[in-house]
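> next one to model:
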Amino acid sequence: MKAQNIEGNYKANRGGKRFSEWNSYLFLLPALAFMAVFILYPILYNAVLSFKDVNVYNLNGEQHFVGFSNYVKTFKDEVFYIATQNSVIFTIISIFFQFTIGFALALFFNMKFPGRSLFRSLMLLAWMLPVVITGTVFQWMMSGDYGVINYFLQSLGLIDKPVNWLSEGNTALLGTIFANVWIGIPFNMIILLSGLQSLPLQLYEAARLDGANRWLQFRHVTLPLMRPTILVLLMLGIINTFKVFDLIYIMTAGGPVTSSTVLPIYAYQLSFTMFEFSQGAAVSMIMFVLLILVAIVYLRMSNKEEVH
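Residues are numbered from 1 along each chain as shown. Now for the predicted structure:
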């Protein structure tokens, strides 16, 4: 009798535990449904679209499967390589200045001084403003006739006549980079500042007792401890910067000609200007694969960090 009771209690506990596990999975259903509808389905649909021949003429008609023809056509297009080069330049320069200036500001605001919280909050305005407003303001600032930047440079005697920063092929991409750096500095600053404030102060006290100056403390204490935060920040920065569309579209729309055309602009032009939807999908999938490779590199580097 006692054995039957024990067996019954075991089955009841096992059934209750199994029900609890299923109950936990039920709470994940809304998030999984959201990801399936708004993330997984668009990616799969875009992937299928890239293997078809879909344009404005057969959008509602018969759509033929063409295999890798759209990818071959894309790799033969000279504009694709210009857009890729512009995307790489835009990403590398933006990340470099966003990170270095953001790190410097994070070190500055990590010190205690009057008004620190106020100035730190004001720095976040650049990141909180809508990109439409930021792009429009920088477009006005860089205009050739009445731009503030030209007035400032002429006042200092650095230029003789106004420069059409966003209308000339040599400076259009740099103008968009300048605006993107301004947007990204506060985000880098706040992430790095939160990392700095979580570092143990005992290590700095021990380093000072050993005679380490500020530079040695930064090199041998701050940087090694901040490495995981820096890796995450750089990965997020590369992904967010590589897919920037709205800022560049507002400021230059990819022009003049292709001087500021990046891959997102190129995909948009193919899909919604030339109405070559399948080729635009192919460019989007190439971008997706490139960003997946960046994520894989990050995961391998983070695994090495955990091993060490």
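> what count of nearby residues applies to residue 110?
Neighbourhood size, residue 110 [other Cβ atoms under 10 Å]: 15. Quick note: C-beta positions are derived from backbone N, CA and C, even for glycine.
> and the host helix or strand of residue 182, what's buried?
Secondary structure assignment for residue 182, by DSSP states H and E: helix 172-197. Neighbour counts over helix 172-197 (16 or more other Cβ atoms under 10 Å) mark 172-193, 195-196 as buried.
> so who does residue 248 touch?
90, 176, 254, 260, 262, 264-265 (Cβ atoms under 8 Å, 6 or more residues apart in numbering).
> filter these to the buried ones?
Counted by 16+ other Cβ under 10 Å, these give 90, 176, 254, 260, 262, 264-265 as buried.
> quick one: which of these is nearest residue 129?
residue 176 (16.1 Å; Cβ to Cβ).
> pretty sure the closest one sits against residue 93.
No - the criterion here is Cβ atoms under 8 Å, and residue 176 misses it with residue 93 at 10.3 Å.
> quick check: the residue nearest to residue 59 when sequence neighbours are not counted vs residue 163, distance?
Leaving aside its sequence neighbours, residue 59 sits nearest to residue 277 (Cβ to Cβ, 6 or more residues apart in numbering; 7.2 Å). Separation of residue 277 from residue 163 (Cβ to Cβ, to the nearest Å) stands at 38 Å.
> just residue 154 next, same as before
Taken as Cβ to Cβ, the span from residue 154 to residue 163 is 10 Å.
> same deal with residue 76?
35 Å.
> more crowded one of residue 154 and residue 163?
Between residue 154 and residue 163, counted using other Cβ under 10 Å, the more crowded position is residue 163 (19 against 14).
> state the helix or strand in which the more buried one lies.
Using DSSP H and E, no helix or strand contains residue 163.
> please verify my assumption that it contacts residue 150.
Yes - at 6.1 Å, residue 163 counts as touching residue 150 under the criterion of Cβ under 8 Å.
> joint contacts of the two?
residue 144.
> nearest residue to the residue most central in space within the chain in space, please, no chain neighbours.
The structure's the chain has its C-alpha centroid closest to residue 240; by Cα atoms, centre = their mean the separation is 1.1 Å. Leaving out its chain neighbours, the residue that sits closest to residue 240 by Cβ to Cβ, 6+ apart is residue 184, at 7.9 Å.
> can you give me the helices for the stretch 101-250 of the chain?
For the stretch 101-250 of the chain, helices defined by DSSP state H, counting those that start in this stretch occupy the ranges 116-123, 125-128, 131-141, 148-155, 172-197, 201-209, 214-217, 223-242, 246-251.
> distance to residue 299 and mean pLDDT added to those, as a markdown table?
Conversion of the helices of the stretch 101-250 of the chain to a markdown table gives the following (distance: least, Cβ to Cβ, whole Å; pLDDT from 0 to 100):
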| stretch | distance to residue 299 | mean pLDDT |
| --- | --- | --- |
| helix 116-123 | 31 | 85 |
| helix 125-128 | 27 | 84 |
| helix 131-141 | 29 | 94 |
| helix 148-155 | 41 | 90 |
| helix 172-197 | 19 | 95 |
| helix 201-209 | 28 | 90 |
| helix 214-217 | 30 | 91 |
| helix 223-242 | 9 | 93 |
| helix 246-251 | 28 | 96 |
